[in-house]
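**Student:** Here's my sequence, what's the structure:
(3 chains)
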Amino acid sequence: MTLTPIAIAEAVQAESLIGDKEKILTGFASLAEACETDLTFFSDARYENHLYTTKAGAVLLPSGFRPKKPLPAGLTQIYVKRPEHAFYSLVRRYKERPLPSWGKEPYSVIHPTAYVPEETYIGSFSYIGENVKLAPGVWVFPFVYIGAEVEIGEGTVIYPHAVIMPGTKIGRNCIIHPGAIIGADGFGFYKGEERLYERIPQTGRVVIEDEVEVGANTCVDRATLGVTRLGHGVKLDNLIQVGHNVQIGAHTAIAAQTGIAGSTMIGAYCRIGGQVGIADHVQVADHSSIAAQSGISRSILTPGKSWRGSPVQEVRQQLLMEAIMRRLPEIYPKLREIEKTISSL
Amino acid sequence: MTLTPIAIAEAVQAESLIGDKEKILTGFASLAEACETDLTFFSDARYENHLYTTKAGAVLLPSGFRPKKPLPAGLTQIYVKRPEHAFYSLVRRYKERPLPSWGKEPYSVIHPTAYVPEETYIGSFSYIGENVKLAPGVWVFPFVYIGAEVEIGEGTVIYPHAVIMPGTKIGRNCIIHPGAIIGADGFGFYKGEERLYERIPQTGRVVIEDEVEVGANTCVDRATLGVTRLGHGVKLDNLIQVGHNVQIGAHTAIAAQTGIAGSTMIGAYCRIGGQVGIADHVQVADHSSIAAQSGISRSILTPGKSWRGSPVQEVRQQLLMEAIMRRLPEIYPKLREIEKTISSL
Amino acid sequence: MTLTPIAIAEAVQAESLIGDKEKILTGFASLAEACETDLTFFSDARYENHLYTTKAGAVLLPSGFRPKKPLPAGLTQIYVKRPEHAFYSLVRRYKERPLPSWGKEPYSVIHPTAYVPEETYIGSFSYIGENVKLAPGVWVFPFVYIGAEVEIGEGTVIYPHAVIMPGTKIGRNCIIHPGAIIGADGFGFYKGEERLYERIPQTGRVVIEDEVEVGANTCVDRATLGVTRLGHGVKLDNLIQVGHNVQIGAHTAIAAQTGIAGSTMIGAYCRIGGQVGIADHVQVADHSSIAAQSGISRSILTPGKSWRGSPVQEVRQQLLMEAIMRRLPEIYPKLREIEKTISSL
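**Tutor:** Residues are numbered from 1 along each chain as shown, chains lettered A, B, ... in the order given. The predicted model follows:
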């Protein structure tokens, strides 16, 4: 890839361009890591310091932005409405590895009752079961298992080693990352007469709506009865556990290694950090923000608040508590002194 | 599936039946989610409220149960000794997807020295190594790797993408869920002369007794020397880590994302919540109950107690401590006032 | 395997041998678990008690070691410079399952542009993509996916079901355990105009230096731009999450289920316990030691210290705080008494 600032400015419909328009750019990098042949971008005020020291050849800047200090000499400036969007569009176009072309690779097993249109990619060693329905425009990478009665919508990518158990429904433009397991049995038992743990049959399914991402080695269990649901635009990072019958509302994003126990309902537009644990049968209200490593054992019913701790409290209260806890080693001796003083009075 | 209350009553050997015996039922659902064509059940007093508002067509109730309020009009009541058991038996019979029939699918690789009886299911893309011994009545789904010298007992199901490393022994009626990894090397090093971390050879094995479940993407490491053991009836949820040489006693159940470090011995009949961490070389006594997200760094020697916190304390003590901690923000200013008062005296 | 103390003494270049030189030994075991036909070793003072009660047939002891109590009657003693090293060398030689011989098993798919030397093991159902370069002396087990442009160095073992996504570079003598996923997309989004979460293209790669181990089902995400790097000799246990653009310094070891968020830099020679969470964009200084279940949300800049808690403090401070916290239930009533006394004054 070689690009010039002028070509970039045209491609992203820039509003103005200051500096050398014809220098050769060959890469993309962050402000801090860029070298003179890289394009970079600035949009987040937290990194403004890096802007004044970047070694990039050119930078995408927000229209109307006025630098507080002089920019590095020779840095070409391209002003554009949404620099982050412009930058990543270029990365996508010039650097992202294209997905494979339509076609079937050797050694795939497709059940005769499965519907697999021609405009799909079916990698080697993929297994497509009875009555599966793939839309046109689906990518099934090698080593993917797709169980009976699964439906997958247009534009969805299933990466290597993902397992889609029978009955699962996946919407459009989803990405199922490697090793993700969708629709394994939930963890449910009842006290039997012969056995302490008699298995509850897990006959429900998983429904994944459009524009969802499921991270590598993440597990989403099928419902006992009914449906485990990931709403529109949900984003799950790696190694997450989603228990049976969980409902996750639209546009909620969850970081790695978080676990959500059975039948819990997470609202829409939540942001949940990594390694959070959420008990079974609770609710988390819409627009909740949960700090990493938090533990939620009771429902959060008020929407739009930030929570932290295990068990969680509102973040301000929890931070105050943590600050006092850290002072306990200095408070404690004082307390003993007070006691002595009192008893001597 | 269509069923009538009278047919259900016969199938489950009900003691009595009140209401419409001939209505058509086509599904199964919980009290809260059922509609008029569903059968439901009531056995857990915590959900009794739902019983008086359920929209189900029929309900399985415990023999001798007397409702405290009027039941919904038109709800057919079927009284039976064990409603939960009766309900799930029906779900199993009418809704559970049957396991595949015996036979070999295309593209499986079976070592000539392996013993694979005819009454087994061997899915496509399964790999069965040297001297493996499968009992009759084993299901090996696609993409399962079974290493050399593995033995698997009757009635056991190995779901897609599970990895059974060499030398592992799995008992009867076990379920190994997708992506589980049994018998990978333990994490062990010693200080070498040339290298800081010299690898300790991991030459032990994993032994899994009868009626065990291992959840999706859960890892059970082989022993360094000797055996890592999951006792009879152990149930492991998803994404759990079981280190080398760990012993888990019979009928212990462990929720998702818990980790148990090397050489630790967990007793029988324990219940361990999700995201618990247990250090290496400790013991957890029989019948212990461990709350989610707890951390255990020392042995628990008294059986039958409930524990919580990181590091754990007995649950009552820990809850008391947590309650006071949450009051610290109000206690702290009082303390400063006391100090002032004292010093002014 | 049968060995005699005299043969062992020769094999490990022992300095002296006391007791029966010709007894038959057939196994290896720890001090506590050994029986009379086992060789064992003693090197860690913490287990010295076991030395005086071991039932082993022979023991490797450090040269110059003087037992404080009488050793068990009939225990043959073999004195050697480094007993642990001698013991594990013997285990490796006599008990470790050898890796498969070079050669290709049936049903592997190798892209015509891939470079796969003859001295490699290519298991059944392995997939090797475009322009992949394997060094001689690489083991690729069944069900391994190796994406385009991947390079793998001499002596490296890729166990079943590992996924090596395109562009990854793996050094020499590495071990990638089953189910590990190297180079899946990082979890990165920016606020779009149409969508709340617009996907940031993940076009960087993972570079793994020599002598690295990556545990079962562990995930190492590719960089957004640039490189996610595991330094020389890094050891990762199972089910770990390493986010995009993370850098882990040489000879750092990390226990199971720890998660490291994007762009964080872990120093060299760190020891990190299990279930630790480390936030994005922070630094952890060289030679840091982090207790299990800790949470790190700010940079640790001073090297060589021990940390514990969530959020972490230096271990001494944190232990003191925890001790006082556990005393809160007894402190709290005293405080109320003091209050009363004061107000009555």
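
**Student:** So which residues of the stretch 1-150 of chain A form strands?
**Tutor:** Counting by DSSP state E, counting those that start in this stretch, one finds strands in the stretch 1-150 of chain A at the ranges A:16-18, A:27-28, A:38-41, A:58-62, A:76-80, A:103-104, A:109-110, A:120-122, A:127-128, A:133-134, A:138-140, A:145-146.

**Student:** for chain A, what spans make up the helices?
**Tutor:** Using DSSP state H, the helices assigned to chain A run over residues A:5-11, A:48-51, A:83-94, A:315-344.

**Student:** Could you export these as TSV, including mean pLDDT, distance to chain B and mean neighbour count?
**Tutor:** Every residue, glycine included, has its C-beta placed from N, CA and C. What follows is the helices of chain A, written out as TSV (pLDDT from 0 to 100; distance: least, CB to the nearest CB, whole Å; neighbours: other CB atoms under 10 Å in any protein chain shown):
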stretch	mean pLDDT	distance to chain B	mean neighbour count
helix A:5-11	97	42	17
helix A:48-51	95	35	16
helix A:83-94	96	30	19
helix A:315-344	89	4	15
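
**Student:** Any chance of those in JSON lines with distance to chain C as columns?
**Tutor:** Supplementary listing: those in JSON lines, determined by distance: least, CB to the nearest CB, whole Å:
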{"stretch": "helix A:5-11", "distance to chain C": "15"}
{"stretch": "helix A:48-51", "distance to chain C": "12"}
{"stretch": "helix A:83-94", "distance to chain C": "4"}
{"stretch": "helix A:315-344", "distance to chain C": "4"}
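
**Student:** So which bits of the stretch 1-150 of chain A are right by chain C?
**Tutor:** A:28-30, A:33, A:82, A:84-85, A:88, A:91-92, A:95-97, A:105-107, A:123-125, A:141-143 (CB under 8 Å from any CB of the partner chain).

**Student:** If we use 7 Å, what do you get?
**Tutor:** Proximity of the stretch 1-150 of chain A to chain C, by CB under 7 Å from any CB of the partner chain, involves residues A:28-30, A:33, A:84-85, A:88, A:91-92, A:95-97, A:106-107, A:124-125, A:142-143.

**Student:** Going through these, which ones are buried?
**Tutor:** When burial is judged by neighbour count using 16 or more other CB atoms under 10 Å in any protein chain shown, the buried members of these are A:28-30, A:33, A:84-85, A:88, A:91, A:107, A:124-125, A:142-143.

**Student:** Can you get me the start-to-end distance on stretch A:285-304?
**Tutor:** 7 Å (CA to CA, to the nearest Å).

**Student:** same question for it, mean pLDDT?
**Tutor:** For stretch A:285-304, the per-residue pLDDT values average out at 98.

**Student:** excluding its backbone neighbours, what's nearest A:E22?
**Tutor:** When the adjacent residues along the chain are set aside, A:E22 lies closest to A:T4, with 5.3 Å between them (CB to CB, 6 or more residues apart in numbering or on different chains).

**Student:** Averaged pLDDT, stretch A:147-156. What do you get?
**Tutor:** pLDDT averaged over stretch A:147-156 gives 98.

**Student:** So which residues make contact with it?
**Tutor:** Judged by CB atoms under 7 Å, 6 or more residues apart in numbering or on different chains, the contacts made with stretch A:147-156 from elsewhere in the structure are A:129-138, A:164-174, A:210.

**Student:** near chain B, from those residues?
**Tutor:** If you filter these for contact with chain B, counting by CB under 7 Å from any CB, you are left with A:P166.

**Student:** which of the contacts of stretch A:147-156 are buried?
**Tutor:** A:129, A:132-135, A:137-138, A:164-174, A:210.

**Student:** nearest to B:T341, of the strands of the stretch 1-150 of chain A?
**Tutor:** Each of the strands of the stretch 1-150 of chain A was scored for nearness to B:T341 using CB to CB, and the closest is strand A:58-62 (56.8 Å).

**Student:** I'd like the C-alpha coordinates of the closest one written as PDB, please.
**Tutor:** Extracted C-alpha coordinates of strand A:58-62, given in PDB (Å, rounded to 0.1, in the frame of the first residue of the first chain):
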ATOM      1  CA  ALA A  58       0.300  12.800   8.400                       C
ATOM      2  CA  VAL A  59      -2.500  13.100  10.900                       C
ATOM      3  CA  LEU A  60      -6.300  13.200  10.600                       C
ATOM      4  CA  LEU A  61      -7.600  15.900  12.800                       C
ATOM      5  CA  PRO A  62     -11.200  17.000  13.700                       C
END
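
**Student:** Next, the buried residues of that strand.
**Tutor:** Of the residues in strand A:58-62, those scored as buried under the neighbour-count criterion (16+ other CB under 10 Å) are A:58-61.

**Student:** Can you tell me the strand partners of that strand and which way each runs?
**Tutor:** Under the criterion DSSP bridges, strand A:58-62 sits next to strand A:38-41 (parallel), strand A:76-80 (parallel) in its sheet.

**Student:** what is the mean pLDDT for that strand?
**Tutor:** 98.

**Student:** From A:E149, how far off is the residue with the largest distance to the centre of chain A?
**Tutor:** With distances taken as CA atoms, centre = their mean, the residue sitting farthest from the centre of chain A turns out to be A:L345, at 62.2 Å. Note on A:L345: its distance to A:E149, by CB to CB, to the nearest Å, is 80 Å.

**Student:** swap in A:P166?
**Tutor:** A:P166 sits 6 Å away from A:E149, going by CB to CB.

**Student:** same thing with A:H281?
**Tutor:** For A:H281 relative to A:E149 (CB to CB), the value is 28 Å.

**Student:** Between the two, point out the one with more neighbours.
**Tutor:** Set side by side, A:H281 and A:E149 show more neighbours around A:E149, with 18 against 12, by other CB atoms under 10 Å in any protein chain shown.

**Student:** Show me the beta-bridge partners of the nearest residue to A:I254 once chain neighbours are set aside.
**Tutor:** Residue nearest to A:I254 in three dimensions, not counting chain neighbours: A:I272, with 4.4 Å by CB to CB, 6+ apart. Note on A:I272: beta-bridge partners A:I254, A:I290, judged by DSSP bridges.

**Student:** if I pick A:I272, what's in contact with it?
**Tutor:** Listed by CB under 7 Å, 6+ apart, the contact partners of A:I272 are A:254-255, A:258, A:290.

**Student:** Show me chain A divided up by domain.
**Tutor:** Here the domain assignment for chain A is A:5-94, A:103-315, based on automatic domain parsing.

**Student:** measure the shortest one end to end?
**Tutor:** This means domain A:5-94. For domain A:5-94, by CA to CA, the gap between its terminal residues amounts to 14 Å.

**Student:** List the buried residues for stretch A:179-192?
**Tutor:** A:179-188, A:190.

**Student:** A:V242 and B:A256, how far apart?
**Tutor:** Separation of A:V242 from B:A256 (CB to CB): 9 Å.

**Student:** So if I had to pick from the two, which one is more boxed in?
**Tutor:** The residue with more neighbours, out of A:V242 and B:A256 and counting by other CB under 10 Å, is A:V242; that gives 32 against 29.

**Student:** can you pull up the bridge partners for the nearest residue in space to the more buried one that is not next to it in sequence?
**Tutor:** By the measure of CB to CB, 6+ apart, the closest residue to A:V242 outside its immediate chain neighbours is A:V220, 4.3 Å from it. Going by DSSP bridges, A:V220 is paired in beta bridges with A:I182, A:V242.

**Student:** Can you report how many residues neighbour A:K104?
**Tutor:** A total of 16 residues lie near A:K104 under the criterion other CB under 10 Å.

**Student:** OK, contacts around the closest residue to A:G304 other than its chain neighbours?
**Tutor:** On the basis of CB to CB, 6+ apart, the spatially nearest residue to A:G304 that is not a chain neighbour turns out to be A:H287, at 4.2 Å. Residues near A:H287 by CB under 7 Å, 6+ apart: A:267, A:269-270, A:303-304.

**Student:** For A:T302, see how far away A:H287 is.
**Tutor:** A:H287 is 10 Å from A:T302, where distance means CB to CB.
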